[in-house]
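A.B. asks: Have a look at this prediction, sequence included:
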Amino acid sequence: MQSNYLLVEWVVVDLFTLQMEVSKHETSAVYHKGGNLVICQIDGHSLHFFYAEIAEWENRGLQKWLRDKLKAYIIDMADRVLPQRLHELEHQHCLFAKKVIVKKLRKCVLGQCYKGYQTIVLSPRIILLPQQYMDSVILHEMAHLKFSHHRKTFWDFLTTLLGEDSISQKRRMDMLMKTFYSYSDFLLK
Ligand SMILES: [Zn+2]
């Protein structure tokens, strides 16, 4: 898994070195059961898993722990990155929301805009999208700061924000989204 903002790296280390490292990490960052020893560490924008060669990947407990770490990392990065990206786009287009919230939304909802409150809500899962699609979700919600509907004036305005025809952009994106929903569900459920 790799996007502009996410990088997961798997680093194999010899068992002795790994055991020496354990005491330097919080217990929640260490999985140590049976013959399995894995340490997880967030370093800037990337997530590292350090493991020894003996790790049994098919172990259920280990798989759950890895999943939980991955999910927490994605959500943490979404909290950091999405408001920042929104602010960049706000400055580019001189169109500003009063507030941005990153929170889990219903499955097929990637963002919401409360025009009356000039508030934009973004789903953390959009951090898993390729950059141009992530931006297009944010710009779609920004366009709702001006138009609360999906009539022609909305799509025309969104076209100016996207710099390309918003209707054909949406068609392209809808095709991608079918696989994206199951992929992002798998990572974030
Ligand atoms: Zn909309």
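C.D. replies: Sure, I can see it. Residues are numbered from 1 along each chain as shown.
A.B. asks: any low-confidence regions in this structure?
C.D. replies: 1-2 (pLDDT under 70).
A.B. asks: Please enumerate the helices of it.
C.D. replies: Taking DSSP state H, the helices of the chain run over residues 15-22, 60-93, 131-143, 152-162, 166-188.
A.B. asks: Find the one among the ones you listed with the highest mean neighbour count.
C.D. replies: Of all the helices of the chain, helix 131-143 has the most neighbours on average by mean count of other CB atoms under 10 Å, namely a mean of 20. Where you see a C-beta, it was placed from the backbone N, CA and C, and this is true even at glycine.
A.B. asks: Which secondary structure elements does that helix sit against?
C.D. replies: helix 60-93, strand 111-114, strand 119-122, helix 152-162, helix 166-188 (3 or more CB pairs under 8 Å, 6 or more residues apart in numbering; DSSP states H and E).
A.B. asks: Okay, domains of this protein per the record?
C.D. replies: Under the assignment automatic domain parsing, the domains of the chain span 7-74, 82-188.
A.B. asks: Show the end-to-end separation of the shortest one, please.
C.D. replies: Meaning domain 7-74. End-to-end distance of domain 7-74 (CA to CA, to the nearest Å): 10 Å.
A.B. asks: what do you get for the last one?
C.D. replies: When the termini of domain 82-188 are compared using CA to CA, they are 16 Å apart.
A.B. asks: quick one on the thing from earlier: redo the helices of the chain as JSON lines? Include distance to Leu37.
C.D. replies: Listed next are the helices of the chain as JSON lines, based on distance: least, CB to CB, whole Å:
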{"stretch": "helix 15-22", "distance to Leu37": "5"}
{"stretch": "helix 60-93", "distance to Leu37": "10"}
{"stretch": "helix 131-143", "distance to Leu37": "35"}
{"stretch": "helix 152-162", "distance to Leu37": "48"}
{"stretch": "helix 166-188", "distance to Leu37": "24"}
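A.B. asks: Of all those helices, which one is nearest Ser46?
C.D. replies: helix 60-93 (9.1 Å; CB to CB).
A.B. asks: right, and Asn59 touches Tyr31 too?
C.D. replies: No - at 9.3 Å, Asn59 does not count as touching Tyr31 under the criterion of CB atoms under 8 Å.
A.B. asks: Identify each buried residue in the longest strand anywhere in the chain, please.
C.D. replies: Longest strand in the chain, counting residues (DSSP state E): strand 36-43. Across strand 36-43, burial judged by 16 or more other CB atoms under 10 Å covers Asn36, Leu37, Val38, Ile39, Cys40, Gln41.
A.B. asks: just how off-centre is it within its chain?
C.D. replies: 20 Å (CA atoms, centre = their mean, to the nearest Å).
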